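Chemist: requesting a structural model of the entry that follows:
(2 chains)
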Amino acid sequence: MSELERSLLRRLRDRDERAFRELIDDHRDRVFNITYRMLGNRAEAEDVAQEVFITVFKTIDSFREESKFSTWLYRVTVNHCKNRIKYLARRHDRDKDELDETSQQTNGAVTGTPVRAAQPDKALASAQMEKLLQEAIAALDDDQRAVVILRDVEDLSIEEICEITGLPDGTVKSRLHRARLVLRKRMQRHVDGE
Amino acid sequence: MSTLDEVDDEIIIALSDYLDGTLTGDARAEVEKKLESDPTWKAAHAEMVAGKEATSTLSGLHKARAPVNLTEDVTGTIHKRSAGRFFGRRTFGDRVPFTAILVVAILGLAAIGYIMYSSPTGSLKVDKPKDPPPAPPGPVINPP
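Modeler: Numbers count the residues shown, from 1 in each chain, chains lettered A, B, ... in the order given. Okay, here's the model as predicted:
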């Protein structure tokens, strides 16, 4: 840990607001990118990113400097994302039940078929690829999702991912490769379907 | 069903290290030998290479940038939730552990007590009752 980081931590522990702002400015984009890729929704990602920094501020005294600060920060981030995924899944189930009841009452089902747009330029193709990848990521279970995002999107090392997730080296590697396989299958299915 | 669904984690871990280039010497040679002779290893290796290639596009995903007002929102929320108590230098009691304050306080009180006790004018000094002075000799009464 650099002297600069130690100094920032000392100031954070003294509840220095300016230090806290510096911390957010340094890490906001990376934290937000993880929350966005984990949750696949901008509003949820923003909300969780906020909660991550609030948690960091509240629990900074519990950071014992045994790992890099960023590792600890990403652990907080991944844990918040997993909790939000569970919460959203529960809410989705509840909403789905309510929706089913409503549609039975009205006896009018609305079916939406997505319009497959032509791909006039690369920008659209790129946007569609992005959407496809995001959907494929969302289909992974939350443990696999975290490992793939940290490794293949954020380019972190296996050692860092082990520290962040608290999983053994072997488990991270096997989850990563199994997750990649799932992603590949989903993307392949999409390509075959076109 | 794909090969990776069936193979042991040990094979995946060994191949993962092989693909990441972290295996050296005998370990690397052993994996290469397995790849030549064992169809399970060969198939798993092929799937892992394909998976790695397929997800190589993930690193090219555009990096989502945080909203510009995130810092303000976070600090604003902290101010709101804590009614302004979170920020600002912490009090002495927050920064020094209570036990340390207690020990120092006890030692300080003991020192003050000792000084007061040992001082000749200290209020804690307990004056021992002095022997009453001998009675002045009274008048000698001679018996009649």
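Chemist: how is chain B partitioned into domains?
Modeler: Using automatic domain parsing, the domain ranges for chain B come out as B:9-58, B:90-119.
Chemist: minimum distance to A:V52: which of those domains has it?
Modeler: In this view, those are compared for proximity to A:V52 by Cβ to Cβ, and domain B:9-58 is the closest at 21.7 Å. Where you see a C-beta, it was placed from the backbone N, CA and C, and this is true even at glycine.
Chemist: nearest residue to the residue nearest to the spatial centre of chain A in space, please, no chain neighbours.
Modeler: By Cα atoms, centre = their mean, chain A has its centre lying nearest to A:M38, at 2.1 Å. Spatial nearest neighbour of A:M38, chain neighbours left out: A:C81 (3.9 Å); criterion: Cβ to Cβ, 6 or more residues apart in numbering or on different chains.
Chemist: quick one: contacts for the one you found?
Modeler: With contacts defined as Cβ atoms under 8 Å, 6 or more residues apart in numbering or on different chains, the neighbours of A:C81 are A:I34, A:T35, A:M38, A:L39, A:V48, A:D142, A:A146.
Chemist: one more: B:L35?
Modeler: Under the criterion of Cβ under 8 Å, 6+ apart, the contact list for B:L35 reads B:W41, B:K42, B:H45.
Chemist: return the member of the residues you listed nearest to B:A14.
Modeler: Within the contacts of B:L35, the smallest distance to B:A14 is 8.5 Å, found for B:W41 (Cβ to Cβ).
Chemist: in contact with the closest one, which residues?
Modeler: For B:W41, the set of contacting residues under the criterion of Cβ under 8 Å, 6+ apart consists of B:I11, B:L15, B:V31, B:K34, B:L35.
Chemist: B:S37 now?
Modeler: For B:S37, counting by Cβ under 8 Å, 6+ apart, there are no contacting residues.
Chemist: confidence score at it?
Modeler: Taken from the predicted model, the pLDDT recorded for B:S37 is 92.
Chemist: what of B:E47?
Modeler: 90.
Chemist: list the buried ones in the helix or strand that it is a member of?
Modeler: Under the criterion of DSSP states H and E, B:E47 resides in helix B:39-54. Neighbour counts using 16 or more other Cβ atoms under 10 Å in any protein chain shown place B:W41, B:A44, B:H45, B:E47, B:M48, B:G51, B:K52, B:A54 of helix B:39-54 among the buried residues.
Chemist: looking at these, which is nearest A:E160?
Modeler: A:E160 has its nearest neighbour among these in B:K52, at 18.5 Å by Cβ to Cβ.
Chemist: so the closest one touches B:Y18, yeah?
Modeler: No - taking contact to mean Cβ atoms under 8 Å, the distance of 11.7 Å between B:K52 and B:Y18 leaves them out of contact.
Chemist: now the lengthiest helix in chain B: average pLDDT?
Modeler: The longest helix of chain B (DSSP state H) is helix B:98-118. For helix B:98-118, the mean per-residue pLDDT is 90.
Chemist: one more: stretch B:6-26?
Modeler: Averaging the model's pLDDT scores along stretch B:6-26 yields 87.
Chemist: off-centre distance for it?
Modeler: 35 Å (Cα atoms, centre = their mean, to the nearest Å).
Chemist: check stretch B:72-81 too.
Modeler: Taking the mean of its C-alpha atoms, stretch B:72-81 sits 25 Å from the chain's own mean (Cα atoms, centre = their mean).
Chemist: and that stretch, is it in reach of chain A?
Modeler: Yes - using Cβ under 8 Å from any Cβ of the partner chain, stretch B:72-81 reaches chain A at B:D73, B:V74, B:T75, B:T77, B:I78, B:R81.
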